[in-house]
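**Student:** After the sequence you'll find the predicted model.
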Amino acid sequence: MAEIKLESKLVNEVNGNFFVPSYQRGYRWGGDEVLRLLDDVFSLLDSDNSMAKNYCLQPVVVKNNSDSFELIDGQQRLTTLYLIYQYMNKASNGFIEAPKFSIMYETRSKSAAFLEHIDMSLREDNIDFWFMANAYETIEKWFEGKGDKSVIMMDMKTLLAKKVKIIWYEVDGAEDTIALFTRLNIGKIPLTSAELVKAMFLSRDNNHNMEKEKQEEIALQWDNIEKELHNDSLWYFLTNNVNIAYQTRIDLILDLICHKSAGTMDKGSSMEKKPSMEKYDTFFFFDQLRKERDLKGIWQEILHTFLILKDWYGNHELYHKIGYLIASRTRWFLPEIYEASKGKTKREFLETLDKMVKESIAIDENYADLSYEKSGDYAKISRLLLLFNVESVRRNGEQTEWFPFHRFKFREKGKVSWSLEHIHAQQSQGMKKQEEWKEWLRLHIRSIQSLEGDNEELLGEMKAKYNQPKLEGQEFVRLQEKVIARLSVQGNVEYMHSIANLALLNSSDNAALNNSTFDVKRNEIIEMDKKGQFIPFCTKMAFLKYYTSSEDNQVHFWGQADRIAYVQAINEVLADYLEEPITVEQAAAEEDES
C-alpha cells in the first residue's frame, strides 16, 4: 500500500523549495485564469467586509525529495500565488511579506530568477517569461482597478492567510511521478473528494492513530463498497444519476454523511464544472471531522451508512417504496429519505414512506379529470402510472420479480426516455413524411387481415397506396380514417386523453407506431417483449388484456370494457394512496348507441 501524506494548508503556510521536473511544460496561464483566481479569492469578502466561507484551490501534489518538493501537479496555481505575493511585496515596499516558497525548474533555470525579480525587459527572451510577465501585469491591473490599493492588498493578504486553502497531497517516495503527472494532467483525471477522503484514512501521518492492519482493512472495505455500488441494480435504485457525475460511486455515501441536498447529488452535473470551493467541500467536511472525532469512528459511520442502503435494497417493501420515490422525481430524493429514516423503527419508517408516496400523487382535483392535453397533468399521470407499475410488482411478493429500476432508468446506450403513450391512438400527430405514412399502412395491414368480416376492398386499397411511388397527404388521411374506424369501437373520443387510455412506454422516434391503433401496438409490444426489451409490468398487462374479463375480451380493440377494467385495477392497487378512487365512468366514458 503506497504511503501518502494528506492535509489541508492555508496558502500562507506553504513554504519550502518546489522543483518542476523536465517532463512538465512551463507556466502557461493566461489573463482569464489569473483573473478568475483573484476574483474567487476576493469574493470571500462579503458586503460588510467580514470574512465569508473558505475557498479551496485544487490539490497540490508533491513528492518529498528531502531538500525540495517535486511538484507533480499544481505548478500553474502555485506560480500564480507566487506572483500575487511578489506584486503585493513590491507594491507595499516590503510591508507585505514576500512568498515563503520558491519555484525552480529543471530545464529552465533562469525562470526562478525571473520570478524573483520580475524584470519586464526580459519578457521577450523566452515563452515562459512572456506568460509570467503577462500574469504579473494582469495582477497589477486587477489591484489598481479595485480602488484603494493598500486596503485591497491587506484584505487579500488576510484572505490568503485565513480563508484560502490548498489540499497538500504528498505521495510516497517510490511513486512513479511521470505516470501520476500523466493521469492528472494529460489524462485530465483530477483527484476527487473521494480519493482524498480515502487518502485521509491511509495517510502515513495517521499511523499513530490507526495501526497499519486497520488501514489495510479500510482500503479493502473501501474498494469493496465501490465495487458493490457498480452493481447497476443497486446504483439506479439509489439515484437517477444516469449521466455520471460521480467519478467514484462511493461519493454518494460520503455526500449523504455530509448532508448534501438532492440538488447537489442527483442532477448529474459534471464534477469538473464545479467551482473549487464546491468541488472539494466533501473532503473539507471530513478533514474537519477528523479533528473532532477518531478516524475509526468516522470509518464506522461510512460503513454503517452503506450497510443501511444495502439493507433497503434487500428489503422487498423498502426497495419498492424508496425506489419509487426516487424515480418519481418529486421532492424526496435519497438525502431526504435517509434523513427521514434516522431514529425510526422499521414500522415508523414504513409509515413515513407511505405518507411520502401518498403526497407524491396528491392532487386538488379528481384523478379522472386529469388529461394528457392539460398543462401540468402529464407529470401527474406519469407518476400515477409509475406507482401503479411499481406497486403491482411489489404486491406480487418478493419471490416473484422485483421492479427493475436500473432498466427503467438506464439502457446500454444511455438514459431511457419514458413517455405517456395512448393505448389506442386516433390521431396522426407528428407524421408529416410519406415514409411515415407508408410505415403506418404497413403496420396496420396485418391487423386488418386478422379481422373477421369482409375487409378485402380496404386491404386492397391499403396495399395499393403502400406500393404506389408517391403517396399524397390527403390520400393517406382519408385512408387512415377508414382503417381507424375499422379498428376502433364506435363512440366518442372523450376518453382518449384520460388515464384509462394511457400507459408508460419507452419513447420512440417511430411516429407511425406512436400513432397506431391498439392492435398494432399490441403486436409490436409482444415482439419487443420476445426480444427481452423492458416493458413496464402494467403496460404489458394492459396490452395483453390481463385486466379485462374473458367475456368482455376483444383482442383487436381497446374498448370501454377494457378501459373500465384498467381503471378499476389502478383503483385497487393504489387504494392506500389515492385520496378517492378514480371515477370509472368519467375516465372511461363512451357514448350510448343512440
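**Tutor:** Received it, and whenever you're ready, just let me know what you need.

**Student:** tell me which residues of the host helix or strand of Phe286 are tucked away?
**Tutor:** When elements are assigned from DSSP states H and E, Phe286 belongs to helix 281-289. Of the residues in helix 281-289, those with enough neighbours to count as buried (16 or more other CB atoms under 10 Å) are 281-287, 289. Every C-beta, even on glycine, is put in place using the N, C-alpha and C of the backbone.

**Student:** Excluding residues flanking it in the chain, which one is nearest Ser233?
**Tutor:** His406 (4.8 Å; CB to CB, 6 or more residues apart in numbering).

**Student:** Likewise for Leu334?
**Tutor:** Leu238 (5.6 Å).

**Student:** I figured the one you found hits Leu252, correct?
**Tutor:** Yes. Leu238 is within contact range of Leu252, at 6.6 Å (criterion: CB atoms under 8 Å).

**Student:** so where's the stretch 301-450 of the chain shaky on pLDDT?
**Tutor:** Counting by pLDDT under 70, the stretch 301-450 of the chain contains low-confidence ranges at 411-416, 426-432.

**Student:** where do the helices sit along it?
**Tutor:** Assigned helices in the stretch 301-450 of the chain, in chain order: 316-327, 334-341, 346-360, 377-395, 405-409, 434-450 (criterion: DSSP state H, counting those that start in this stretch).

**Student:** Ok, which of those comes nearest Trp142?
**Tutor:** Distance to Trp142, taken as CB to CB, is lowest for helix 334-341 among the helices of the stretch 301-450 of the chain, at 38.8 Å.

**Student:** tell me the domain boundaries of the chain?
**Tutor:** When the chain is parsed into structural domains using automatic domain parsing, the resulting residue ranges are 4-191, 212-360, 367-426+488-594, 431-481.

**Student:** As JSON lines, those domains with distance to Met200 would be great.
**Tutor:** As requested, those are exported to JSON lines (distance: least, CB to CB, whole Å):
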{"stretch": "domain 4-191", "distance to Met200": "6"}
{"stretch": "domain 212-360", "distance to Met200": "6"}
{"stretch": "domain 367-426+488-594", "distance to Met200": "32"}
{"stretch": "domain 431-481", "distance to Met200": "59"}
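
**Student:** Where in the chain is the helix or strand with the lowest mean pLDDT?
**Tutor:** Within the chain, no helix or strand scores below helix 262-265, which has a mean of 53 by mean pLDDT, DSSP states H and E.

**Student:** just checking, Val171 touches Pro59?
**Tutor:** No. Contact between Val171 and Pro59 fails when scored by CB under 8 Å: they sit 11.0 Å apart.

**Student:** Between these two, point out the one with more neighbours.
**Tutor:** Counting neighbours by other CB atoms under 10 Å for Val171 and for Pro59 shows that Pro59 has the greater number, 26 against 21.

**Student:** wouldn't that one be in contact with Ile167 here?
**Tutor:** Yes. Pro59 is in contact with Ile167 according to CB under 8 Å; the separation is 4.0 Å.

**Student:** got any residues that touch both of these two?
**Tutor:** Taking CB atoms under 8 Å, 6 or more residues apart in numbering as the criterion, Pro59 and Ile167 both touch 191, 196, 280.

**Student:** Most neighbours out of those residues, which is it?
**Tutor:** Counting by other CB under 10 Å, top hit in those: Tyr280 with 25 neighbours.

**Student:** Can you give me the separation between that residue and Asn15?
**Tutor:** 22 Å (CB to CB, to the nearest Å).

**Student:** same deal with Tyr313?
**Tutor:** Distance, Tyr313 to Asn15, by CB to CB: 49 Å.

**Student:** Next: Arg478.
**Tutor:** Counting by CB to CB, the gap from Arg478 to Asn15 is 86 Å.

**Student:** With Thr305 instead?
**Tutor:** Per CB to CB, Thr305 is found 38 Å from Asn15.

**Student:** Those two: which has the busier surroundings?
**Tutor:** A direct count of neighbours by other CB under 10 Å for Thr305 and Asn15 places Thr305 higher, at 17 against 11.

**Student:** My guess is that one contacts Cys258. True?
**Tutor:** No. Thr305 lies out of contact with Cys258 (CB under 8 Å); the separation is 10.8 Å.

**Student:** Now do the closest residue to Leu122 other than its chain neighbours: how many residues are near it, please.
**Tutor:** Ranked by CB to CB, 6+ apart and with sequence neighbours excluded, the top spatial neighbour of Leu122 is Phe129, at 5.4 Å. Per other CB under 10 Å, the neighbour tally for Phe129 reads 23.

**Student:** which residues in the stretch 101-250 of the chain form helices?
**Tutor:** Under DSSP H, counting those that start in this stretch, the stretch 101-250 of the chain gives helices at 110-117, 127-144, 149-162, 177-181, 193-202, 212-229, 232-238.

**Student:** In TSV, list the ones you listed along with mean pLDDT.
**Tutor:** Shown next, in TSV, are the helices of the stretch 101-250 of the chain (pLDDT from 0 to 100):
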stretch	mean pLDDT
helix 110-117	90
helix 127-144	95
helix 149-162	94
helix 177-181	78
helix 193-202	87
helix 212-229	91
helix 232-238	94
